[in-house]
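Engineer: Generate a structure from the sequence data that follows.
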Amino acid sequence: MKKRSILFMLCVFFLITGCNSPGVGKPQLNEQFIGFATEIDLENNKVLINDVWFSFDKETKFTSDKKKSLHSEDLKVGQKIKVKYDGVAEESFPASAAAHQFILLTDEQSERQGDAVELVVNDPRFSQVVMQSMEKNPTGMYSLRFKDLSLNRDVHVLVSIDDERVIVPISTTANE
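Structural biologist: Model (predicted):
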């Protein structure tokens, strides 16, 4: 009986916390978000990082992960960035939020990942790239998944940074 009570209480706890947990990609108050810049609009003071347009103003801080003070002009496509912000302003796709701070990540892994994203964004086959995921496979190539808003489809590519190539795998499933 005691085991059942404990099990019941655990189930209730998980149900309650599961219902109140934020959704994937749904920023909450005082959040931090890490992603890759795929579009920068300095004219309108905003940058697309993964699936969120982060706006900034004169109060927004720009720094490196080494605490070096930077400016909005230091942002570049492909760069891995940590953003501090308070909640989502708009429920749209891509979402929108106001940033308090951009921290440009400069470690070697972040730089290599950024190079992979930059190759995809600059590839003429794609435009309006909204990053979804990235992983490095055992061959040293990066596997990127993103949504191309101009094509309105999900895309999966392999990127070889050393060869500066973006490879679109051939689908082996038959379309009916």
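
Engineer: Could you list the buried residues of the one helix or strand residue 113 maps to?
Structural biologist: Counting by DSSP states H and E, the element that carries residue 113 is helix 108-121. Buried residues in helix 108-121, counted by 16 or more other C-beta atoms under 10 Å: 110, 113-121. The C-beta positions use only the backbone N, C-alpha and C, and glycine is treated the same way.

Engineer: which residues are in contact with stretch 152-166?
Structural biologist: By C-beta atoms under 8 Å, 6 or more residues apart in numbering, the list of residues contacting stretch 152-166 from outside reads 112, 115-116, 119-120, 123, 125-126, 132, 137, 140-148, 167-169.

Engineer: Kindly write the ChimeraX command that selects the buried subset of those.
Structural biologist: Of the contacts of stretch 152-166, the buried ones go into a single ChimeraX selection, burial set by 16+ other C-beta under 10 Å:
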select :115,116,119,120,126,141,142,143,144,146,147,148
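
Engineer: And the helices in the protein?
Structural biologist: Using DSSP state H, the helices of the chain run over 2-20, 108-121.

Engineer: Pick out the shakiest of these, pLDDT-wise.
Structural biologist: Ranked by mean pLDDT, the helices of the chain bottom out at helix 2-20, which scores a mean of 45.

Engineer: Many thanks, we can stop here.
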